[in-house]
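Enquirer: After the sequence you'll find the predicted model.
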Amino acid sequence: MNIIACYKWVLDEQDIKIVPGSLLLDMSRAKGKISEYDKTVIEEAVLQADKQENATVTSLTFGNSKVKQSLKDALSRGPGKGYWVNDAAADIADGFVTANVLTAALKKIGDCDLIMFGEGSADVYGQQVGPRVAAMLGIPVLTFVAKLKIADGRVTATRKIGDCTEDVTATLPAVVTLLPEINKPRIPGLKQVLGAGKKPVQEFKLSDLGLTEKEVTPKNKVKSIRGYLMDRKNEIHKDGTAEEKVSALLSDLTKEGLL
Amino acid sequence: MAGIFVYSEDVVLLEQLLSVGRKLADALSIEVTVATMYSEEISTDEIIAYGADHVNLLKGKNTWPESYAKAIYKQILQEKPSLILIGGTLRGKEIAAKIATWGMTGLVNSATDLRVIAQNIESDRLLYGGLAVCTEELCDGCVVTVEPRVFEVAVKQAGRKGSVSIVEAETSIETVVGAVCPIVHQRADLTIAEKIVCVGRGLNEKNDMKLAENLAEELGAEIGCTRSIAEDYNWLPTEVYIGLSGQKVKPKLYLSIGVSGQVQHIVGARDAKIIVAIDKNEKAPIFAAADYGIVGDLYEIVPTLIEKLKNR
């Protein structure tokens, strides 16, 4: 049985600054990381494989040339092999393009019994690549999964959807998208990090995947990306005793008609 | 231009989608077709009064909403709408992704606004955990989901006319649904709370939740928390954490104690009318998002606040 853990290498949003005035995003100081949601994915793939006989875990990602540095991190978390689709087209890819690329890569890898995704990515949080890939492959998808069990060629998931949970079973091969609460991803130790360097990595170019121009062209036209303008009063009481500060706050709240 | 197609399994959400759907349709002089699952209780007159021109009730053997994706797509193939608006429940998002894939079209999840500019439909959605807004010009036939409570329920127009059809829907059976358990809310629904006290990691230990509870009681507020309080510390149930993947709240007053204010949290609270922050770190990002605040030790400030509220 082969479990595929798909992940995205994203910019750390903590390092993104909004340029005052223009509200443009300054990413010059932003470092890359594996999307937090997808660290959970890799962890779950490894935990599930440990419970099966002869299960392997393979990681798969699509990104530009900088994403190469993610492979060691991904593999230090337990997968035996890493695949990487390397193309700058990833920078502007939408869910449609990403799903086309990953589906083509999965077909090339072959033999995928369970394909795991996060519920969304930490950067654009598009929340669609997992179910899109399932629809393209024509296999079942179980979304927003809080608990997972694999047995007898089937996967049973406890989904958490708004006001209820439900247990849903599908026959493998299948796709699952995971909620972050499903596990706590490990922090790889030095031994795992060193070991990751020796694990096999295979790179695909977009041209290896036989996709048409249309399949790698985003659907919508992005007109602008601007920082969210926080328009608040920012009246912060910093000085004085606790007593004075609380009194000042209470008069603010009274003024707003909140007390 | 063809029409706007609206689907949700949730009738209240449908009424919210109709307010934005009708607005777009009027701007483009096109019609609105609504699809939802058939039920005995559903009032098609109401759906029409809320702005639908056509209502298609999908009648299938399965009660699992996700199994209607193919049937909804079949409707879309007939209608060839310019825009497909789907209620952004988690079930709706799964259906939206499938429909967008089969239709080889785009999908914008969790749109925060939709409008017509020069005969094109544009959407806004959040990026980077709520740090930024992305505006897109949608392709013809794009799928867009809108989450509950983003738009107000449409204004009802008595006497609006529309057509109704009941459609036999084929439902897929590639999955087996077992136990369904309602999530029992141990606390009040935060999404409709008027006042919320939100606790963060500035609290030293679980016992200190008492402080938050006493404050909430004095204010007549409900208690919410950040993700780490619910998921890492398990001090409160996951359904009361506020943030991007948690609850999005719109109270009149949101008052945080010991919350640093990472953007993923703020995005869940910034529709609050007034945001108040109490935290000892002057540089905490919560203060940039706050209307009022106190920089100070919450173990000193909060008891004083409770005391003063009591003596009012």
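Expert: It's in.

Enquirer: Could you measure from B:Ala132 over to B:Ile166?
Expert: Distance, B:Ala132 to B:Ile166, using Cβ to Cβ, to the nearest Å: 44 Å. Any C-beta I mention is one placed from the backbone N, CA and C, and that applies to glycine too.

Enquirer: Compare the two (neighbour count), which wins?
Expert: Between B:Ala132 and B:Ile166, counted using other Cβ atoms under 10 Å in any protein chain shown, B:Ala132 has the larger neighbour count: 23 against 12.

Enquirer: List phi and psi for the more buried one.
Expert: Note on B:Ala132: its backbone torsions stand at phi -130, psi 160 [degrees, to the nearest 10].

Enquirer: which ones are touching it?
Expert: By Cβ atoms under 8 Å, 6 or more residues apart in numbering or on different chains, the residues touching B:Ala132 are A:Ile16, A:Ile18, A:Leu25, A:Ile225, A:Arg226, A:Gly227, A:Tyr228, B:Leu126.

Enquirer: give me the number of residues near the residue of chain A found nearest chain B?
Expert: Residue of chain A nearest chain B, by Cβ to the nearest Cβ: A:Lys219 (3.0 Å). When neighbours are defined as other Cβ under 10 Å, A:Lys219 has 21 of them.

Enquirer: now do the one 3 residues further on
Expert: Residues lying near A:Val222 (other Cβ under 10 Å) number 12.

Enquirer: Can you name the residues bridging to it?
Expert: B:Glu136 (DSSP bridges).

Enquirer: can you tell me how far it sits from B:Gly129?
Expert: On the measure of Cβ to Cβ, A:Val222 and B:Gly129 end up 18 Å apart.

Enquirer: quick one, helices of the stretch 1-150 of chain A?
Expert: Along the stretch 1-150 of chain A, the segments classed as helices by DSSP state H, counting those that start in this stretch run A:36-51, A:70-76, A:95-109, A:129-137.

Enquirer: Just give the closest residue to residue 83, not the sequence neighbours.
Expert: This is for chain A. Of all residues not flanking A:Tyr83 in the chain, A:Leu60 sits nearest, at 4.6 Å (Cβ to Cβ, 6 or more residues apart in numbering or on different chains).

Enquirer: ah, I was thinking of chain B
Expert: Leaving aside its chain neighbours, B:Leu83 sits nearest to B:Ile4 (4.8 Å; criterion: Cβ to Cβ, 6+ apart).

Enquirer: Spit out the contact partners of that neighbour.
Expert: The contact partners of B:Ile4, by Cβ under 8 Å, 6+ apart, come to B:Gly21, B:Leu24, B:Ala25, B:Ile30, B:Glu31, B:Val32, B:Thr33, B:Pro81, B:Ser82, B:Leu83, B:Ile84, B:Leu85.

Enquirer: Just the closest of the residues you listed to A:Asp111, please.
Expert: Of all these, A:Asp111 sits closest to B:Ile84, with 34.8 Å by Cβ to Cβ.

Enquirer: Whichever strand or helix holds the closest one pairs with which strands?
Expert: Using DSSP states H and E, B:Ile84 sits within strand B:83-87. When pairing is defined by DSSP bridges, strand B:83-87 lines up against strand B:4-7 (parallel), strand B:142-146 (parallel).

Enquirer: Pull the distance from that strand to the chain's centre.
Expert: Distance of strand B:83-87 from its chain centroid, counting by Cα atoms, centre = their mean, to the nearest Å, is 14 Å.

Enquirer: how about the CA coordinates for that strand, as PDB?
Expert: Extracted as PDB, the C-alpha positions of strand B:83-87 are listed here (Å, rounded to 0.1, in the frame of the first residue of the first chain):
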ATOM      1  CA  LEU B  83     -21.800  32.300 -12.200                       C
ATOM      2  CA  ILE B  84     -22.300  29.400  -9.900                       C
ATOM      3  CA  LEU B  85     -22.900  30.500  -6.300                       C
ATOM      4  CA  ILE B  86     -22.600  27.800  -3.700                       C
ATOM      5  CA  GLY B  87     -23.300  28.000   0.000                       C
END
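
Enquirer: Which strands or helices does the helix or strand bottoming out on mean pLDDT in chain A pack on?
Expert: Ranked by mean pLDDT, DSSP states H and E, the weakest helix or strand in chain A is strand A:17-18, scoring a mean of 92. Using 3 or more Cβ pairs under 8 Å, 6 or more residues apart in numbering or on different chains; DSSP states H and E as the contact test, the elements touching strand A:17-18 are strand A:25-26.

Enquirer: ok, 10 Å please
Expert: Helices and strands touching strand A:17-18, by 3 or more Cβ pairs under 10 Å, 6 or more residues apart in numbering or on different chains; DSSP states H and E, are strand A:25-26, strand A:221-227.

Enquirer: now A:His237, which residues is it bridged with?
Expert: In this entry, A:His237 is beta-bridged to B:Ile294, by DSSP bridges.

Enquirer: residues touching it, list them.
Expert: Listed by Cβ atoms under 10 Å, 6 or more residues apart in numbering or on different chains, the contact partners of A:His237 are A:244-249, A:252, B:278, B:292-296, B:301.

Enquirer: could you pull out the helices for the stretch 101-250 of chain B?
Expert: For the stretch 101-250 of chain B, helices defined by DSSP H, counting those that start in this stretch occupy the ranges B:209-219, B:227-231.

Enquirer: Quickly, which of those bottoms out on average pLDDT?
Expert: Here these differ in mean pLDDT, and the lowest is helix B:227-231 at a mean of 92.

Enquirer: And the contacts of it?
Expert: A:180-181, A:184, B:198-201, B:203, B:206, B:209, B:212, B:224-225, B:235-246, B:258-260, B:262, B:264-265, B:268.

Enquirer: The closest residue to A:Asp15 other than its chain neighbours: how many residues sit nearby?
Expert: Ranked by Cβ to Cβ, 6+ apart and with sequence neighbours excluded, the top spatial neighbour of A:Asp15 is A:Ala30, at 3.9 Å. A:Ala30: 18 surrounding residues under other Cβ under 10 Å.

Enquirer: my read: A:Ala30 touches A:Ala122, true?
Expert: No - proximity of A:Ala30 to A:Ala122 does not meet the contact threshold set by Cβ atoms under 10 Å, at 11.8 Å.

Enquirer: For the two, list the residues in contact with both.
Expert: Common neighbours of A:Ala30 and A:Ala122, counting by Cβ under 10 Å, 6+ apart, are A:Val10, A:Leu11, A:Asp12, A:Glu13, B:Tyr128.

Enquirer: Neighbour-wise, which one of the residues you listed leads?
Expert: For those, neighbours tallied by other Cβ under 10 Å; top is B:Tyr128, 28 neighbours.

Enquirer: OK, contacts around the residue nearest to that one when sequence neighbours are not counted?
Expert: In space, B:Tyr128 comes closest to A:Glu13 once its chain neighbours are excluded; the distance is 4.2 Å by Cβ to Cβ, 6+ apart. With contact set as Cβ under 10 Å, 6+ apart, A:Glu13 has these partners: A:25, A:27, A:30, A:33, A:122-123, B:127-132, B:262-264.

Enquirer: Quick check on those residues: which are buried?
Expert: Among the contacts of A:Glu13, those that count as buried by neighbour count (16 or more other Cβ atoms under 10 Å in any protein chain shown) are A:25, A:30, A:33, A:122-123, B:127-132, B:262-264.

Enquirer: mind putting the residues you listed in TSV, distance to B:Ile95 and pLDDT included?
Expert: As requested, the buried ones among the contacts of A:Glu13 are exported to TSV (distance: Cβ to Cβ, whole Å; pLDDT from 0 to 100):
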residue	distance to B:Ile95	pLDDT
A:Leu25	32	95
A:Ala30	34	94
A:Lys33	31	96
A:Ala122	24	92
A:Asp123	24	93
B:Leu127	23	94
B:Tyr128	26	93
B:Gly129	25	88
B:Gly130	25	90
B:Leu131	28	92
B:Ala132	27	95
B:Gln262	31	91
B:Val263	29	89
B:Gln264	26	89
